[in-house]
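Enquirer: Dropping the sequence and predicted coords here.
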Amino acid sequence: MFKYIVKRILIALPVLLGITIIDYVIMSLAGSPLEILQGPRFSEAAIEAKSIAFGLDQPLYIQYFVWLKEMIQGNMGYSIKSYQPVSIIIGSHVG
């Protein structure tokens, strides 16, 4: 029984990693989250500063590993619209 559980876990880990890679690539193809901020209230310099602060100036694979590390630690970041932690927003809608 123990060997069966270990085998299932060892199969599940690469599948989970593959799902996170596909998810992150799809999210990155959707566009930059800073496109929401573009408009008369934010200058191009302010958007560039936010891009550097969020790490969006890094290559995609580095962004992915930073994102994965933060997700494993439970840090989902902050909402750009409401400035609240994303985990609190998700938690308020679950259950």
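Expert: Great, that's in hand.
Enquirer: What is the burial count for I5?
Expert: Counted with other CB atoms under 10 Å, residues neighbouring I5 total 9. (Each C-beta comes from the backbone N, C-alpha and C, glycine too.)
Enquirer: Phi and psi next, for it.
Expert: The phi/psi pair for I5 (degrees, to the nearest 10) reads phi -70, psi -40.
Enquirer: Use 14 as the first number for this chain going forward.
Expert: All set: I'll call the first residue 14, so the last point we hit is now I18.
Enquirer: now it: how far from A25?
Expert: 10 Å (CB to CB, to the nearest Å).
Enquirer: I'd like the distance between the residue nearest the centre of the chain and V38.
Expert: Taking CA atoms, centre = their mean, the centroid of the chain lies closest to W80, which sits 4.9 Å from it. W80 sits 11 Å away from V38, going by CB to CB.
Enquirer: do the same with I101
Expert: Counting by CB to CB, the gap from I101 to V38 is 27 Å.
Enquirer: With S92 instead?
Expert: 22 Å.
Enquirer: sorry, back to before: just give the closest residue to the residue nearest to the centre of the chain, not the sequence neighbours.
Expert: Y37 (6.2 Å; CB to CB, 6 or more residues apart in numbering).
Enquirer: Over to M84?
Expert: T33 is the one closest to M84 (CB to CB, 6+ apart), at 7.6 Å.
Enquirer: neighbours around that neighbour, how many?
Expert: So T33, with other CB under 10 Å, has 15 neighbours.
Enquirer: My guess is it contacts L81. True?
Expert: Yes: in this structure, T33 is within contact of L81 by CB atoms under 8 Å, at 6.2 Å.
Enquirer: And the pLDDT for A59?
Expert: If you check A59, the pLDDT there is 82.
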